[in-house]
Structure formats: structure tokens, C-alpha cells
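Participant: structure of the sequence below:
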Amino acid sequence: MPKFDLEERIPLDNIFDSHYAAITYDMSLRRTAVKPHKVAANTILSNCKEGFQLVEVGACTGLTSLYISANFPQIKITGFEENPFLYDVASSNLNLCCWAGAKPDIKYKKNSLTQLPLSDDSADIVFSFGTLHLWENPVAVLKECARICKKDGLVIIEDLNRQINQAFINLLLLYKEVEKSEFLKNLRSTYSKDETLQLLKEAGLDDWIVNTKEINLVISSREV
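Facilitator: This is a model prediction of the structure:
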């Protein structure tokens with residue numbers, strides 16, 4: 001059984017430097033990451049109440065927020081994405097949902113994740129899935145997540161866990177939908193639990209919680 005060197009984090013270069021790259025990534029997520037998206041989304045849904053204001057930090061191609069909105073239409077979601085190509089794909093996915101007759105209360109905005117145009121304590125839930133490893137300045141983004149979240153609200157951030165069991169990696173790579181080199185490249189760019197705790201310490205968020213769940217690493221501002 002092959003072993004993979006995942007000790008050192010290797011950040012990704014700008015892999016979303018074209019519309020084609022963003023669309024290709026969106027198609028890959030639909031093939032290989034539907035279940036992880038649903039698991040993360042269902043955690044958020046279990047904490048939602050009618051009238052809640054949700055903010056997605058790093059909307060990527062919109063899959064998580066679209067699923068949440070479809071299953072809880074009584075909430076409002078604002079998704080921020082700083083990469084122009086990912087933003088365009090998220091907007092296209094939203095337009096397609098509307099064309100098909102869905103009425104998601106979602107707005108996607110292209111904006112820096114370190115300076116969100118929102119008031120302090122304005123969001124009931126702040127969430128992100130699969131984008132932590134892409135943030136250029138994760139400490140600043142974490143601080144921003146804390147700033148915009150209500151005192152009794154929830155911040156929940158999920159990403160791949162670089163230190164998942166090696167046997168589990170081999171099992172994942174048996175599926176033909178998983179492209180080995182791309183998966184490992186993305187996995188190597190994610191944070192370990194210790195590295196994540198250090199980011200939180202630098203952000204002054206030592207009281208936040210870091211857990212691992214299956215192949216994911218989960219940051220939350222309180223127990224969920």
C-alpha cells in the first residue's frame with residue numbers, strides 16, 4: 001500500500017487563473033465532492049432558524065450555499081468570493097437555479113475576504129467549505145469572520161485534513177472519479193490540526209475549536 005508524504009504543507013499556486021480552470025474545478029467538485037459538501041451543509045442547516053442571515057466566506061463555485069438555500073429557503077445568504085473566475089461560475093450556477101424555477105435568496109459578491117463590506121455582529125452564521133487552504137492571508141480572514149459574526153452566532157469552517165489516515169487516502173483513490181495527482185496536490189496544500197490551531201492563536205481566537213471529521217478538518221467558534 002503506497003504512502004504519501006504529507007508532512008509539509010505545500011501551498012498552491014494560483015490554479016484558478018482562467019474561466020476554464022474555474023469551470024473544470026466546478027465539474028470536478030460535482031463528480032467527487034458532493035457528499036462532503038452535503039455533510040458540511042447539513043451541519044450548518046442544523047443550526048439555522050427562519051430569518052437567519054448567513055455569510056459564506058470564499059463562496060468558490062457556490063455549491064454549498066445553493067444546497068443550503070434549497071433545503072432552508074427561509075434564510076438569506078450572502079457569498080463573497082475574491083477570485084473573479086470562481087465568482088463568475090458561482091453567479092452562473094445561481095442564474096441556472098433561478099432559470100430552473102428555484103428562488104434561492106442568495107447574493108454573490110466579488111470582494112476581498114479580508115475587508116468584507118459588512119457591519120460588526122451582523123451575521124447569524126458565517127461559514128466556509130473547502131477554501132481555507134486557498135486564502136492568501138488566513139489569519140486576517142479568520143479575524144474578519146469573527147468580526148462580522150453575532151456574539152451568539154456561529155462560525156464554522158471546513159476543509160480537507162492533511163493528516164487523514166493514509167489507508168483512507170488509498171481507499172479514496174480507488175474511485176475512478178478521483179484524479180490522483182490533483183487530489184494529492186490539494187491535500188498537500190491544506191492545514192494540519194496543529195497548524196490550524198496556530199492560525200487561530202495568531203488571530204486571537206484561541207477559544208475556537210478544531211476537530212477532525214472523516215476527511216475534513218472543522219473549525220468552529222463554539223461546539224456544534
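Participant: just give me the longest helix of this protein.
Facilitator: helix 84-99 (DSSP state H).
Participant: which strands and helices sit next to it?
Facilitator: Under the contact criterion of 3 or more C-beta pairs under 8 Å, 6 or more residues apart in numbering; DSSP states H and E, helix 84-99 touches helix 19-32, helix 63-71, strand 76-81, strand 106-110. For the C-beta atoms, the positions are set from N, CA and C on the backbone; glycine is no exception.
Participant: closest one to residue 161 among the ones you listed?
Facilitator: helix 19-32 (16.2 Å; C-beta to C-beta).
Participant: quick one: the strands in this structure?
Facilitator: 53-57, 76-81, 106-110, 123-129, 149-160, 209-213, 216-220 (DSSP state E).
Participant: just those: most buried one?
Facilitator: The highest average neighbour count among these, using mean count of other C-beta atoms under 10 Å, belongs to strand 123-129 at a mean of 26.
Participant: quick one: distance of that one to the chain centre.
Facilitator: 10 Å (C-alpha atoms, centre = their mean, to the nearest Å).
Participant: for stretch 115-128, same thing?
Facilitator: On the basis of C-alpha atoms, centre = their mean, stretch 115-128 sits 15 Å off its chain's mean C-alpha point.
Participant: let's see that stretch as PDB, backbone CA atoms only.
Facilitator: What follows is stretch 115-128, C-alpha atoms only, in PDB (Å, rounded to 0.1, in the frame of the first residue of the first chain):
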ATOM      1  CA  GLN A 115     -12.300  43.500   4.200                       C
ATOM      2  CA  LEU A 116     -15.900  42.400   4.000                       C
ATOM      3  CA  PRO A 117     -18.400  45.200   3.400                       C
ATOM      4  CA  LEU A 118     -20.500  44.200   6.500                       C
ATOM      5  CA  SER A 119     -21.100  45.600   9.900                       C
ATOM      6  CA  ASP A 120     -19.800  44.100  13.100                       C
ATOM      7  CA  ASP A 121     -22.000  41.400  14.600                       C
ATOM      8  CA  SER A 122     -24.300  41.300  11.600                       C
ATOM      9  CA  ALA A 123     -24.300  37.600  10.600                       C
ATOM     10  CA  ASP A 124     -26.000  34.700  12.400                       C
ATOM     11  CA  ILE A 125     -23.800  32.100  10.800                       C
ATOM     12  CA  VAL A 126     -20.500  32.600   9.000                       C
ATOM     13  CA  PHE A 127     -19.300  29.600   7.000                       C
ATOM     14  CA  SER A 128     -16.800  28.300   4.500                       C
END
